[in-house]
Every structure is written in C-alpha cells, then in structure tokens.
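[1] need coordinates for the following:
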Amino acid sequence: MGIEYRIGTLEECVEVIQSIDEFEHKESSESLASRLRDKKYLIQVAEENHQLLGFKIGYELDRDTFYSWLGGVIPFARKKGVAQKLLEHQEAWVRQNKYSQLRVKSRNQFPKMLNLLIKNNYLVENFEKKSPLTKSRLHFIKQILAC
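    Predicted structure coming up:
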C-alpha cells in the first residue's frame, strides 16, 4: 500500500516522539499545544500499515513566514525518504498558504537533518554557538515562490 502522508494530531506526534531517542525531552500533547496556541499551524504524519513513521509540525511566525518547528522519523523508517516527503508536503502547504519564506533551526548533532536542509536549498542564516559544539544551532531560511 505504501506510505501515506496526511494531517495528523498532536497525540500521534507524541507517539512518534516516544520512539525517537534523539528527543531528550519527551513532549506531551499539552506541551506541544501550548506552543501552537493562537497560531496558524500544520501537523503532518507519515504512516504505513497503520504504523506511524514520522511527523512534522510547523506554525506561522508572521504573515510572510512559516516556521518548521519540530519533526522526526522513527529509526526503523529512516532511509525510506520519509523526512524528505514530509518536507516537500510542508513546502507545498506553505506555498499554497501564500507564505514567502520558511525558517527552521537544527543542531550540529543532527548532520542528517542539516544535509536534508542543504540538499533542499535552505540557506544558513545564523549560527548560535553552544558548548559542546554539537549543541550549537544553525538557523536556516528558504524563500518560497508562490504557485
């Protein structure tokens, strides 16, 4: 049947987060909801045979800017293109909703995410140095062309 990409729920995102060791802080539906309160947002999930594989959450920063906030793919589903497809679906939604740019942050400790962003033409806009260096944050931006 293949992988299905669809609008998801915060509860589904929390379920995926529980399966990802890289998340040091295990979010709850309530903690996620508090960040999204009073914002326009998009929650996506990837699923195959009723098993959640990944998620991506983003929200509006301002009328022109959408922030890709949080996402992840369970270890079992990595290298299947799930993160790439979630990114593509988010970009399409952002374009349809007439935002002109997408912003995202990641850390040095996630080189696969950094590579994904660079491969998809996101540009490094800022670098926040932390100690240890693996915790340093890279801020990315991508200009989105309207359809």
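[2] state which strand of the chain is the longest.
    strand 51-62 (DSSP state E).
[3] helix or strand next in line after it, which one?
    Where DSSP states H and E defines the elements, the next helix or strand beyond strand 51-62 is strand 65-73.
[4] contacts for that following strand?
    Strand 65-73 has contacts (CB atoms under 8 Å, 6 or more residues apart in numbering) with 13, 16-17, 20, 22-23, 27, 32, 35, 42, 46, 53-61, 82-83, 86-87, 90, 94, 97, 99-104. (Glycine included, C-beta is placed from N, CA and C.)
[5] please name the nearest non-neighbouring residue to Leu133.
    Distances taken as CB to CB, 6 or more residues apart in numbering put Asn108 closest to Leu133, at 6.0 Å, once the chain neighbours are dropped.
[6] now do the same for the one you found: its pLDDT.
    Listed pLDDT for Asn108 reads 95.
[7] what about this structure, any weak spots by pLDDT?
    Counting by pLDDT under 70, the chain has low-confidence residues at 146-147.
[8] one more time with 80
    1, 25, 145-147 (pLDDT under 80).
[9] can you give me the strands for this protein?
    Assigned by DSSP E, the chain shows strands spanning 4-7, 41-48, 51-62, 65-73, 101-107, 123-128, 137-143.
[10] output the longest one as CSV, restricted to C-alpha atoms.
    Think strand 51-62. C-alpha atoms of strand 51-62 as CSV (Å, rounded to 0.1, in the frame of the first residue of the first chain):
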residue,chain,number,x,y,z
GLN,A,51,2.2,2.3,12.0
LEU,A,52,3.3,5.9,12.5
LEU,A,53,6.7,6.5,10.9
GLY,A,54,7.3,10.3,11.3
PHE,A,55,5.8,13.7,11.9
LYS,A,56,6.4,17.4,11.2
ILE,A,57,4.9,20.4,13.0
GLY,A,58,5.2,24.0,11.9
TYR,A,59,3.5,27.2,12.6
GLU,A,60,3.1,30.8,11.4
LEU,A,61,5.6,33.3,12.7
ASP,A,62,4.1,36.2,10.8
